[in-house]
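Enquirer: Only the shape, not the letters, is given here:
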């Protein structure tokens, strides 16, 4: 019951736009998903801002972050982040790298990032901090080389989010929708923690609370509810991605799809 | 002079959307109202984000939070919050549970929440803090079981708002409109108090000022003015709920209602 | 070269909407202007939220804040703020009372409010703080009685803005446009000062700088530029007030006015 | 391969609107570009708010900030900022003066402004602070006279951004697009640094990281990606500038241009 590749591309464009529309991604950052039928491949857009991504912008890469076909446009400079995490973590099927204004303060100040409300544990039980200085000294801070991507993947370890000193964060998920959920609500946790720290000493969730809250929040019901909320907001803003071109190619698929698209693009 | 059930459903959908549109509710949280003719029942939506609620999403529950009819969709996991408060407080006819970004810092940091401007006392004279750890130890923080709902209702006591440690807040009202008013302006108070604490020592209202300001702000004139403001803002944003289906069933009601709807949905 | 009363009403509705659209006024607060031909009268809306005000909502009051004609709707509870300032200050021709989220922290915390950037002195050289406790003890904080309005006007003295402890602020202007300018940029100053206080010790403008900057910023050129900016923003948002009804009454005025209105309401 | 003057005017109007739409410029502030064919001239709008600028608002000035033709409308009072920087810095071809709410706190509080994330170094390696008091004592804080403009240009020195105490900031670029990039991302850096300082001690980029990150971020690929993002956002908001009038004058240019405009103004 795997999705068609057209659906994978459409949903990845959608995920890019949702994370941007909810204020986590701006002009930079990117979202990828592993190929549903070939674990040695992943999809990632050509170099373009997330809120503009269309299904036709999506390229297929090997886990060495080499494009499977010669790309028509430019590629993201930091795609090794994605490839190296897929190599290191067979359980990860989606990755987002971003520079959220709520999370960056925790990459700049000496304040530990921790789950402070019931949805916070979707960041995972622990969020390590990776500093490019440790392995590579003084760089331009970009994660461009395979060894930089591997260093970051090692820092992520078995967790679901890693902070990157003076740079941003990278989040992983078992599915694309889980990734979006982890990304949006870890960003919310950062905003709440930041506000709480301005008015007093804070008391985060303890270890048992984190262990119990993470799977509870990642159940299908809350995830489906949030997905409907985010896609409806995109739709009301007129920001849903256009349908993939190949959708209109076959008569059978055309019928099914054009109906779905009409519903999606209704305002 | 009770409202028709259609009007109750429409107004509850409206209240959900207002509280979301004014920035208090996001994808999660929920709003309920007691059945106007049967104090042993209440209305609450199926599991759906507040800003999307339509009259047809509203389900009827007993005070044990059991659905009166088998529900078509999923139900909110925390509906016992509503049922248990209606059981404990016959004077309460509407309840909102939310995770406002302005109020959550007061559920995380050791800073007391207090009315700091003339509208702040709509939060009630005192706002207690409930911590799930006191009665239940380390949980996933959700209020899912009847005993958890009863514990929360006890913490609320005779007040109108209760903070929930590491989780959010629950607000009560004698009417649905009073609830919306208390919810929106306690959120505003939190924002002001948070900002004031960042620049100096604060001086909240004293006890007599609180006692005098609360009933003054809850008079019909300010409440009506705010209601017109919020519904007009929803209308201008194209976010009013659709009319309930049953409205179009009878010729007499149809006439009156379709006129009202036309006016409401004009942009 | 006085304006017609229709133009006065239209511009007052516009001023209400501008101050709301720029984020200073929310559902509460109000703006008034003195009658251009009769200094013993002023115009103020019926009890309605500023961003909804239409020219037909405007009522005429004596300086005792009594309506000249029996009003069709409810009246603002705090209109004595306006009447008492017009009585005390013949040079004041427009007044705004508001509860800006940027300014309220300075009404709650023990932090002095001062001009910190070149436009800040439009708040006036000094901004006194009025506390209802000084003259009236523990009240509901509303300025409802003539003696309360007179106390506030005394606190304002020869200045252009007065903070109201645990309540908000009142701003005055020689003209309606000057009032809007003073209101919007004192709000901006509060936001900047609040942000600056969060990161270090601040150095406001000194006395001579304030004296030189205030008249410079209130010159016709910057005021006209801001007015075009604010009205264009309202127009683009589809939020301009509808034309006054009486405008369509005479053939001559109709022609001139309908042209102006057409231009204004173009999107 | 210089641009036509029509394209220069259109792109300058666009730059004004982008910087306003991204939240850096409000009703005041201005953006200029040096004449592509005559280094002794520059283009700057008549006195109008940046988000409203149209190509036909742009005037041509000598480096003494005198208009080449008698202007139809008012001129900005601080245009010497532009002329004096073009005189002092032959490598600068675009200048923006603004009062960003994120950057002003660093012009008011005693907190040094520094690059804290990988894109921060687009502010340049060092950002000096100019204080009008040093050379001119107590003024109205405006940069109106040639000697004030020259003092500011000296403070800027070989850098790309200068903070102005109690006033705002001025940014320079080798090209107009580089200027926009430096302006938007130095504003983002200020927001992140401000947030980080509220929760702990901060660790900015070190000297080598700054030297390596600045040219990396100013490469054509990230700059083109951001430009597409900003212009698409303007387009979706219906805020693209109208085409210059002279574009429609010649048959050849008309054809090429009207096509471009149609694509740009599609919603």
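Expert: Alright, I've got the coordinates. Being a predicted model, the structure only gives us computed values, none of them experimental.
Enquirer: Going by C-alpha atoms from here, please, whenever you check contacts or count neighbours.
Expert: Will do.
Enquirer: Whichever residue of the stretch 1-150 of chain A sits closest to chain B: what's it in contact with?
Expert: Residue nearest to chain B within the stretch 1-150 of chain A: residue A:117 (4.3 Å; Cα to the nearest Cα). Residue A:117 makes contacts with A:189, A:204-205, B:104, B:108, B:166-168, as judged by Cα atoms under 8 Å, 6 or more residues apart in numbering or on different chains.
Enquirer: and of these, the nearest to chain C?
Expert: Using Cα to the nearest Cα, the contacts of residue A:117 come closest to chain C at residue B:104, 18.0 Å.
Enquirer: Looks like that closest one contacts residue B:168 (just checking).
Expert: Yes - using Cα atoms under 8 Å, residue B:104 is in contact with residue B:168, at 5.5 Å.
Enquirer: Neighbour count for the two, which is higher?
Expert: Comparing residue B:104 with residue B:168 by neighbour count (other Cα atoms under 10 Å in any protein chain shown), the higher total belongs to residue B:104, at 28 against 24.
Enquirer: tell me the contacts of that one?
Expert: Neighbours of residue B:104 in contact, by Cα under 8 Å, 6+ apart: A:117, A:192, A:196, B:166-169.
Enquirer: go with 10 Å
Expert: A:116-117, A:189, A:191-193, A:195-196, B:98, B:163-169, B:187, B:190 (Cα atoms under 10 Å, 6 or more residues apart in numbering or on different chains).
Enquirer: Surely residue A:33 and residue A:40 touch.
Expert: No - Residue A:33 is not in contact with residue A:40 according to Cα atoms under 10 Å; the separation is 11.4 Å.
Enquirer: intersection of neighbour lists for these two?
Expert: By Cα under 10 Å, 6+ apart, residue A:33 and residue A:40 have these common neighbours: residue A:86.
Enquirer: Looking at those two, which is more packed in?
Expert: residue A:33 (28 against 16).
Enquirer: hang on, that one in a helix?
Expert: No - using DSSP: H, G, I helix; E, B strand; the rest coil, the assignment for residue A:33 is strand, not a helix.
Enquirer: Ignoring the adjacent residues along the chain, who's closest to it?
Expert: Of all residues not flanking residue A:33 in the chain, residue A:94 sits nearest, at 4.2 Å (Cα to Cα, 6 or more residues apart in numbering or on different chains).
Enquirer: Touching, the one you found and residue A:161? I think so.
Expert: No - look at residue A:94 against residue A:161 with Cα under 10 Å: they stay out of range, at 11.9 Å.
Enquirer: which of these two has more neighbours?
Expert: More neighbours surround residue A:161 than the other of residue A:94 and residue A:161, with 29 against 26 (other Cα under 10 Å).
Enquirer: quick one: the more buried one from residue A:186, how far?
Expert: 9 Å (Cα to Cα, to the nearest Å).
Enquirer: need the residues of the stretch 101-250 of chain A near chain C, please.
Expert: Within the stretch 101-250 of chain A, the positions adjacent to chain C are residue A:198 by Cα under 10 Å from any Cα of the partner chain.
Enquirer: what's near enough to touch residue A:97?
Expert: With Cα under 10 Å, 6+ apart, residue A:97 has these contacts: A:25, A:28-32, A:78-79, A:81-82, A:161-164, A:168-172, A:183.
Enquirer: Which ones among these map onto strands?
Expert: Of these, the ones assigned to strands by DSSP state E are A:30-32, A:161-164, A:168-172.
Enquirer: Show me the helices in the stretch 51-200 of chain A, by range?
Expert: A:80-88, A:105-108, A:132-136, A:146-156, A:176-197 (DSSP state H, counting those that start in this stretch).
Enquirer: between those, which one is nearest to residue B:140?
Expert: Residue B:140 lies closest, by Cα to Cα, to one member of those: helix A:176-197, at 15.8 Å.
Enquirer: How about whichever helix or strand comes after the closest one and chain B, touching?
Expert: Along the chain past helix A:176-197, the next helix or strand (assigned with DSSP states H and E) turns out to be helix A:207-217. Yes - interface with chain B: helix A:207-217 contributes A:207-217 (Cα under 10 Å from any Cα).
Enquirer: hey, what's in contact with both of residue A:161 and residue A:186?
Expert: A:122-124, A:171.
Enquirer: Looking at those, which one is closest to chain C?
Expert: Scanning the shared contacts of residue A:161 and residue A:186 for proximity to chain C, where the rule is Cα to the nearest Cα, the winner is residue A:123, at 28.1 Å.
Enquirer: So for stretch A:39-53, what gets flagged as buried?
Expert: A:40-53 (16 or more other Cα atoms under 10 Å in any protein chain shown).
Enquirer: Make JSON lines from those and add secondary structure, distance to chain D and pLDDT to it.
Expert: Shown next, in JSON lines, are the buried residues of stretch A:39-53 (DSSP: H, G, I helix; E, B strand; the rest coil; distance: Cα to the nearest Cα, whole Å; pLDDT from 0 to 100):
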{"residue": "A:40", "secondary structure": "coil", "distance to chain D": "28", "pLDDT": "98"}
{"residue": "A:41", "secondary structure": "strand", "distance to chain D": "25", "pLDDT": "98"}
{"residue": "A:42", "secondary structure": "strand", "distance to chain D": "22", "pLDDT": "98"}
{"residue": "A:43", "secondary structure": "strand", "distance to chain D": "19", "pLDDT": "98"}
{"residue": "A:44", "secondary structure": "strand", "distance to chain D": "16", "pLDDT": "98"}
{"residue": "A:45", "secondary structure": "strand", "distance to chain D": "12", "pLDDT": "98"}
{"residue": "A:46", "secondary structure": "strand", "distance to chain D": "10", "pLDDT": "97"}
{"residue": "A:47", "secondary structure": "coil", "distance to chain D": "7", "pLDDT": "97"}
{"residue": "A:48", "secondary structure": "coil", "distance to chain D": "6", "pLDDT": "97"}
{"residue": "A:49", "secondary structure": "coil", "distance to chain D": "6", "pLDDT": "98"}
{"residue": "A:50", "secondary structure": "helix", "distance to chain D": "9", "pLDDT": "98"}
{"residue": "A:51", "secondary structure": "helix", "distance to chain D": "8", "pLDDT": "97"}
{"residue": "A:52", "secondary structure": "helix", "distance to chain D": "7", "pLDDT": "98"}
{"residue": "A:53", "secondary structure": "coil", "distance to chain D": "10", "pLDDT": "98"}
